[in-house]
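*Asks:* using only what follows, build the 3D model:
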Amino acid sequence: MASSKNLSDRRTQRTRLRLRKRAGNRPRLSVFRSGKHIYAQVIDDGNGRTVAAASTLEKELRDEMKNGATVAAAGTVGKLVAERATAQGIKEVVFDRGGYRYHGRVKALAEAAREAGLAF
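*Replies:* The predicted structure follows:
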């Protein structure tokens, strides 16, 4: 029987494979969600580098909020990563939910990034 880690890795890889087929030349907005924090980064797979990143571990965000595992914190991270990506000249991305459901914190991050100017 497969462990939950193996199943999670398989979901992540399956999601990423579909994204790479459909992405064209757009970078991807990748989300990682842990029990205490949420992380987002815009990755240019063609060059293999991270263009912009944000997380609830950053000093200004830690001071601002009590807990990094809330929908409000995810929205703040989404807005911040979108601002940093648009500053680098990136307007369109593909959203990599990383095997997580599009629900709760992941959805809040995506909607905040859209409102801040990223198109996906």
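*Asks:* can you tell me what sits against the helix or strand harbouring Ala113?
*Replies:* Following DSSP states H and E, one finds Ala113 within helix 105-115. Contacts to helix 105-115, defined as Cβ atoms under 8 Å, 6 or more residues apart in numbering, come from residues 29, 31, 33, 38, 40, 69-79, 81-82, 95, 97, 100, 102, 120. (C-beta placed from N, C-alpha, C; glycine too.)
*Asks:* mind giving me the ChimeraX select for these, buried ones only?
*Replies:* To isolate the buried members of these in ChimeraX, using 16 or more other Cβ atoms under 10 Å:
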select :29,31,33,38,40,70,73,74,75,76,77,78,79,81,82,95,97,100
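*Asks:* what's downstream of the biggest helix by length in the chain, the next helix or strand?
*Replies:* Ordering each helix of the chain by length in residues (DSSP state H) puts helix 4-22 first. Using DSSP H and E, the next helix or strand after helix 4-22 towards the C-terminus is strand 28-33.
*Asks:* neighbouring strands - and their directions - for the very next helix or strand once past that following strand?
*Replies:* Sequence-wise, the next helix or strand downstream of strand 28-33 (DSSP H and E) is strand 38-44. If you go by DSSP bridges, strand 38-44 pairs up with strand 28-33 (antiparallel), strand 49-55 (antiparallel).
*Asks:* ok, and what's touching the longest one?
*Replies:* When contacts are taken as Cβ under 8 Å, 6+ apart, the neighbours of strand 49-55 outside the stretch itself are 27, 37-44, 61, 68, 77, 80-81, 84-85, 87-88, 90.
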